[in-house]
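Undergrad: Just the structure for this:
(chains A and B)
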Amino acid sequence: MRETAMEVDREDGRSQNQLRPLACSRNILHRAHGSASWSQGDTKVLAAVYGPKAGTKKNENPEKACIEVIWKPKTGQIGKPEKEYEMILKRTLESVCILTVNPNTTTSIIVQVVNDDGALLPSAINAACMALVDAGIPMKHLAVAICCCVAKSGYVILDPTKLEEQKMKAFAYLVFPNSVHSVLPEGSLRVEGEPIENGIITSVTHGIMSVDDYFYCLERGRAASVKLSDFLRRNLQQQSTDSSKAG
Amino acid sequence: MGLSNASGDLSTEVEVDAFRCLFPLRFYEKHLLESIRPDARPLGRARETTIALALAKIGSTTMLAAIKMEVMTPSLETPDEGCIAIDFHMPPICSPIVRPGRPAEAAPVVAKQLSDTILSSGMINLKELSLVSGKAAWMAYLDIYCLDADGALFDTALLSAVAAFSHLEIPVVSLNDDGKIVLSEEQGLSDREPVNKEKRKINLSSIPFSLTCVLHKNYILADPTAEEESIMDTIVTVVLDSSSQLVSLHKPGGTVLAYTSAIQDCIALTRQRVKELQKILEEAISGMEVD
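TA: Numbering: from 1, shown residues only, chains lettered A, B, ... in the order given. Next up is the predicted model:
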């Protein structure tokens, strides 16, 4: 069993399971059909959505809507890491959007990294989801992304900064569907005895960890996704009431 | 019901192929209900794997790996470590969708995944690649060429990379008067002290092995072909090393959500596969050494 009462010294004084301050604002760009800026501590990402536009690319299935992701790093040329991020983001968003509603269309999502201080890919996924909501693209549920780091001694911390990511022996980016726990305390639909929000949409790991460490990360990640889902729900409700007052 | 034999057999055969093209998912689901796949494999079995020199084949997927060694000055932060550069190429020979002007989307992604896996698994101790601390170290360029892309590209590429490193022999070099490293001639002819006495092999610890699985509803299909990968879009790649540590669990999106039971099943399938691959690799290496 893991020692739960472990005092972990993190440089910014957070506890093991504490996330950095989250901030999200939508509709910040005027030309884009949808846009959002997401920041977790010092990591800040901007996402813009253009679409649905007519036509799909050559290799894509014209019976479904197509999603295209362009990742722009803060500095430097586009290389293999950017292509990998684009592929992961594209597949994650394809599984979250309802692709049968607008067949033979392309929705482009452009992600611009403003600052990278750890947990970059999860922040980008969260920003892209909020931008898709802002653009009104139909989705099954939101994708809530979190980063878990495993230290050499076996304890797991959430939402690391860049320094923490580099020091730790391994980290995992996990993406879950959003949790409905705060609105439906009795739980949502169950599949094989597990609620839907326990399923992983995406998992990317880096570094060596034991299989038990990975399952422990999944547990911590699920707990954190409940908190993140609440934050997203409050953020979306607040901004929609603001706009209805203005209109 | 009474169809004549010759045309009757032909018409049913054409229908099966047409059905496979028009309704690929239903074609597969009919097979999955019987727990079998169109190529007669059970769901959890990988295709036949062979390794010959640095050419690895899993089913029809074929990869060729080649390592070129060059001497370079090590960086200031790591003066006694060498370097490995890994690149993955998908030339047009491998698949009809790859054209010279249209590079495959999968290529840079697999290259980065391979690079991350090999470097983070600690298979190669970079200090072994050092020659003269602070002045010279080996740079190994590993190039992997895909000759036939039929699914499970990452698995085959990793296997061929591991085979290439197992077979690698570091040449004998010595320091000449200008302070440069040169290739030594045969012992006896050279009057300079060689930096390393004889051609040596790299010591590989904790070799990573991987298995790609495809998830569809409740089924888990191990080692998918390209057709299976294109129809069922949820792909999970698990990489374990020889001490059963998880090197990577890569699941990029996909319509099917992975619950704890599915992940445990994938990891169990990978553990079995690791044992199979270890045997195949050992046989291949001992076969090469006899020559």
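
Undergrad: measure residue B:123 to chain A for me?
TA: 11 Å (C-beta to the nearest C-beta, to the nearest Å). In this view, the C-beta of every residue, glycine as well, is placed from N, C-alpha and C.

Undergrad: I'd say that residue and residue B:202 touch.
TA: No - between residue B:123 and residue B:202 there is no contact under C-beta atoms under 8 Å: 9.1 Å.

Undergrad: neighbour-wise, which of those two wins?
TA: residue B:123 (23 against 18; other C-beta atoms under 10 Å in any protein chain shown).

Undergrad: Quick check, pLDDT for that one.
TA: On the pLDDT scale, residue B:123 is placed at 88.

Undergrad: what do residue B:123 and residue B:202 both touch?
TA: residue B:165 (C-beta atoms under 8 Å, 6 or more residues apart in numbering or on different chains).

Undergrad: give me the number of residues near residue B:136?
TA: That count, for residue B:136 with other C-beta under 10 Å as the rule, works out to 19.

Undergrad: shouldn't it be in contact with residue B:181?
TA: Yes - using C-beta under 8 Å, residue B:136 is in contact with residue B:181, at 5.2 Å.

Undergrad: Mutual contacts of these two, please.
TA: Residues touching both residue B:136 and residue B:181 by C-beta under 8 Å, 6+ apart: B:71, B:175.

Undergrad: Low-confidence stretches in the stretch 151-291 of chain B?
TA: By pLDDT under 70, the low-scoring segments of the stretch 151-291 of chain B are B:179, B:184-198, B:290-291.

Undergrad: Do a quick rundown of the helices in it.
TA: B:153-167, B:226-231, B:260-290 (DSSP state H, counting those that start in this stretch).

Undergrad: For chain A, which segments count as strands?
TA: Using DSSP state E, the strands of chain A run over A:22-26, A:34-40, A:43-54, A:66-72, A:105-115, A:143-150, A:156-158, A:170-177, A:190-191, A:194-195, A:202-207.

Undergrad: can you put those in TSV and add mean neighbour count, distance to chain B and mean pLDDT?
TA: Output for the strands of chain A, formatted as TSV (neighbours: other C-beta atoms under 10 Å in any protein chain shown; distance: least, C-beta to the nearest C-beta, whole Å; pLDDT from 0 to 100):
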stretch	mean neighbour count	distance to chain B	mean pLDDT
strand A:22-26	17	22	93
strand A:34-40	24	19	94
strand A:43-54	21	16	93
strand A:66-72	20	10	94
strand A:105-115	19	13	95
strand A:143-150	27	9	93
strand A:156-158	23	14	90
strand A:170-177	25	7	92
strand A:190-191	12	7	66
strand A:194-195	16	5	72
strand A:202-207	23	5	92
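
Undergrad: Output the ones you listed in CSV; the columns should cover distance to residue B:85.
TA: Compiled in CSV, those are given as follows (distance: least, C-beta to C-beta, whole Å):
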stretch, distance to residue B:85
strand A:22-26, 38
strand A:34-40, 33
strand A:43-54, 29
strand A:66-72, 23
strand A:105-115, 25
strand A:143-150, 27
strand A:156-158, 32
strand A:170-177, 23
strand A:190-191, 44
strand A:194-195, 43
strand A:202-207, 19
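
Undergrad: got the contact list for the closest residue to residue A:53 other than its chain neighbours?
TA: Sequence neighbours aside, residue A:106 is the residue nearest to residue A:53 in space, at 5.1 Å (criterion: C-beta to C-beta, 6 or more residues apart in numbering or on different chains). For residue A:106, the contacting residues are A:51, A:52, A:53, A:54, A:55, A:56, A:57, A:60, A:65, A:66, A:67, A:68, by C-beta under 8 Å, 6+ apart.

Undergrad: what do you get for residue B:272?
TA: residue B:44.

Undergrad: now it: how far from residue A:20?
TA: Here residue B:272 is placed at a distance of 41 Å from residue A:20 (C-beta to C-beta, to the nearest Å).

Undergrad: ok, which stretches of chain A are helices?
TA: A:80-96, A:120-135, A:162-167, A:211-246 (DSSP state H).

Undergrad: ranking these by burial, who's on top?
TA: helix A:120-135 (a mean of 26; mean count of other C-beta atoms under 10 Å in any protein chain shown).
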